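*Asks:* Test case, fold it:
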Amino acid sequence: MLLEPLRRALLRFLRVTQVPPEAPGGEHVEVFRASPRYLTYLLLAWAVKSAFMILVMGGGITAACVAIVLEEHVLWPALVLGGATATFLFLFTFISYATIRLDYEMRWYVLTDRSLRIREGLAHMREVTLTLANVQDIKVSQGPLQRLLDLTDVVVDTAGGGAATAAAAHGSVHGHAGVLRGVEQGSELVAKIRSRVQQRKGTGLGDTDEHVEHVEHAAAGDALIEVLREVRDEARALRSAVG
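*Replies:* Next comes the predicted model:
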């Protein structure tokens, strides 16, 4: 846990706030965050990477220090090099841990009966608001470690294609898609979002207005075809009479 003064100073320096984003239009507002187990998931990955870096760098610097002492028979260069390396590794480990922790705390999800808003990021804050009436697809992603921790990533796509989903997968938010990372009971959340999407659209995924417009265009096309058929029959009858 970060010391509170350091936390406040870092948030003030980055000009970010821990206050959740303002709810988009709609009723039945639900403000929630990623599961605490998602922080555990992030810290496990951080611990593996940090341990690997410490072993590689620490082992290399230790070997260099031993070589300096054995060849030069001087202790102070080895002490300086070892101390500088240890200080760097400590600061790097502490700062990377703090960044992961604060990045987790800056992640917010806001769901209403009309919209979904996702905010994430620490140094570079990103926020996207998706209108449920425009949602084309809802996907679920879950890796082995996520299954072990009962975590789910829910991908909400309004573009109807893989490009927006792939772009959002790298940063959670995109102009046409968003990812709710590290949520518990993902199937229940998906069911809730689908239910609200269907309420906004009337039936299923897909825009009701676009569906109605498509039906109207189809009906107009059928009427035009019928008129052309009548003109054709009249032309045939006229030609037959003239003949």
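*Asks:* Just the helices from this structure, written as ranges.
*Replies:* 4-14, 36-72, 76-105, 144-148, 162-171, 186-201, 208-242 (DSSP state H).
*Asks:* mean pLDDT lowest for which of these?
*Replies:* Sorting these by mean pLDDT places helix 162-171 lowest, at a mean of 52.
*Asks:* and residue 183, bridged to which residues?
*Replies:* residue 152 (DSSP bridges).
*Asks:* Run a quick neighbour tally on it.
*Replies:* Residue 183 has 22 neighbouring residues, counting by other CB atoms under 10 Å. Every residue, glycine included, has its C-beta placed from N, CA and C.
*Asks:* Am I right that it is in contact with residue 151?
*Replies:* Yes. Residue 183 lies in contact with residue 151 (CB atoms under 8 Å); the separation is 7.1 Å.
*Asks:* Spit out the residues that contact these two alike.
*Replies:* Here residue 183 and residue 151 share the contacting residues 35, 38, scored by CB atoms under 8 Å, 6 or more residues apart in numbering.
*Asks:* number of nearby residues for residue 176?
*Replies:* Neighbours of residue 176 using other CB under 10 Å come to 19.
*Asks:* quick one: it from residue 152, how far?
*Replies:* To residue 152, residue 176 is 21 Å away according to CB to CB, to the nearest Å.
*Asks:* same check, this time on residue 44
*Replies:* Applying CB to CB to residue 44 and residue 152 gives a distance of 17 Å.
*Asks:* can you check residue 188 too?
*Replies:* As judged by CB to CB, residue 188 and residue 152 stand 10 Å apart.
*Asks:* Residue 43 now?
*Replies:* Residue 43 sits 18 Å away from residue 152, going by CB to CB.
*Asks:* thinking again about what came up before, more neighbours: residue 44 and residue 152, which one.
*Replies:* Neighbour tally, residue 44 and residue 152, criterion other CB under 10 Å: the higher count belongs to residue 152, 23 against 12.
*Asks:* That one and residue 138 touch, don't they?
*Replies:* No. With contact defined as CB under 8 Å, residue 152 does not reach residue 138; the gap is 11.6 Å.
*Asks:* ok, for residue 28, nearest residue in space, not its chain neighbours?
*Replies:* residue 113 (4.7 Å; CB to CB, 6 or more residues apart in numbering).
*Asks:* What about the one you found, how many residues nearby?
*Replies:* 15.
*Asks:* Repeat that for residue 73.
*Replies:* Every residue meeting other CB under 10 Å relative to residue 73 is counted, giving 7.
*Asks:* And it, its phi and psi?
*Replies:* phi 60, psi 40 (degrees, to the nearest 10).
*Asks:* Kindly provide the distance from it to residue 49.
*Replies:* 37 Å.
*Asks:* do the same with residue 13
*Replies:* Counting by CB to CB, the gap from residue 13 to residue 49 is 25 Å.
*Asks:* Tell me which of these two has more neighbours.
*Replies:* residue 49 (11 against 8).
*Asks:* Tell me who's in contact with the more buried one.
*Replies:* Residue 49 neighbours (CB under 8 Å, 6+ apart): none.
*Asks:* same question, residue 130
*Replies:* Going by CB under 8 Å, 6+ apart, the list of residues near residue 130 reads 115, 116, 117, 118, 156, 158, 177, 178.
*Asks:* Tell me what it is bridged to.
*Replies:* Residues in a beta bridge with residue 130, per DSSP bridges, are residue 116.
*Asks:* Residue 42: neighbouring residues, count only.
*Replies:* Other residues close to residue 42 by other CB under 10 Å number 18.
*Asks:* Understood, closing this out.
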